[in-house]
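Engineer: Pasted the sequence and its predicted model underneath.
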Amino acid sequence: MNASLCRSRRKRLIGGVCGGIGEYLRLDASLVRVFFVLLALTTGIGWLLYVILWAAVPYEGEGVLGSPTTIHAGVAEMRAKAQSLGDDLRQTAARPSPQIGVVVGATLVLIGALALLRNLGIPGLGWLNEGLIWPLLLLVGGAVLVWRLPRG
């Protein structure tokens, strides 16, 4: 184990929190990320915990854990990252990708068709309910995204 918990510069996606925890605990950073996502989706605490750790835990080789300087630097970094994400979203909204329109349109058509079939009362389609449709759409959408990832 590393001597102290710090955010990773090498294994970072957003703030280096999961990469740092992974290095500290000698775990794969992806496992830590999955843990945070599960916490965020199930209890909602994952987001808050991540933001607190981002602000309080220094990068490797910097400051002391929880010092005012470290927290100020973490908050400034979060502000810069949020501004960068906002700028990216603004540019994407100004020049939307035609592929995104096709995906959103196809998803809306699929949801509409499933809702219509459900409401027509056709025998044998009783399994079409909201409790099944949303998880099914998430699974199919996630599988398509993973399948389309570049190999290498």
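Structural biologist: Thanks, I have the structure now. In this text, all values refer to a predicted model and were calculated from it rather than measured experimentally.
Engineer: Not counting its neighbours along the chain, what's nearest the residue nearest in space to the middle of the chain?
Structural biologist: The chain has Val37 as the residue nearest its centroid, 6.7 Å off, counting by CA atoms, centre = their mean. By the measure of CB to CB, 6 or more residues apart in numbering, the closest residue to Val37 outside its immediate chain neighbours is Gly46, 6.6 Å from it. For glycine as for every other residue, the C-beta is placed from the backbone atoms N, C-alpha and C.
Engineer: Flag the shaky bits of this protein, pLDDT-wise.
Structural biologist: 1-3, 62-67, 70, 96, 100, 125-130, 145, 148-152 (pLDDT under 70).
Engineer: Does the residue lying farthest from the centre of the chain fall in a helix, a strand, or a coil region?
Structural biologist: Distance from the C-alpha centroid of the chain, by CA atoms, centre = their mean, peaks at Pro123 (39.3 Å). Here Pro123 is coil, with the state taken from DSSP: H, G, I helix; E, B strand; the rest coil.
Engineer: Would you check how far apart it and Leu110 are?
Structural biologist: 22 Å (CB to CB, to the nearest Å).
Engineer: repeat for Leu117
Structural biologist: Distance of Leu117 to Leu110, computed by CB to CB: 11 Å.
Engineer: which other helices and strands contact the helix or strand encompassing Glu77?
Structural biologist: Using DSSP states H and E, Glu77 falls within helix 68-94. Helix 68-94 is packed against helix 45-56, with contacts defined by 3 or more CB pairs under 8 Å, 6 or more residues apart in numbering; DSSP states H and E.
Engineer: and the helix it packs on with helix 68-94, angle?
Structural biologist: Here the directions of helix 45-56 and helix 68-94 differ by 120 degrees (axes from the mean of the first three to the mean of the last three CA atoms, to 10 degrees).
Engineer: Any buried residues in helix 45-56, and which?
Structural biologist: With burial defined by 16 or more other CB atoms under 10 Å, the residues of helix 45-56 counted as buried are Gly46, Tyr50, Leu53, Trp54, Ala55, Ala56.
Engineer: Check stretch 102-116 too.
Structural biologist: For stretch 102-116, using 16+ other CB under 10 Å, the buried residues are Leu114.
Engineer: distance between the ends of stretch 56-75?
Structural biologist: Start to finish, the residues bounding stretch 56-75 are 9 Å apart (CA to CA, to the nearest Å).
Engineer: Alright, I will stop here.
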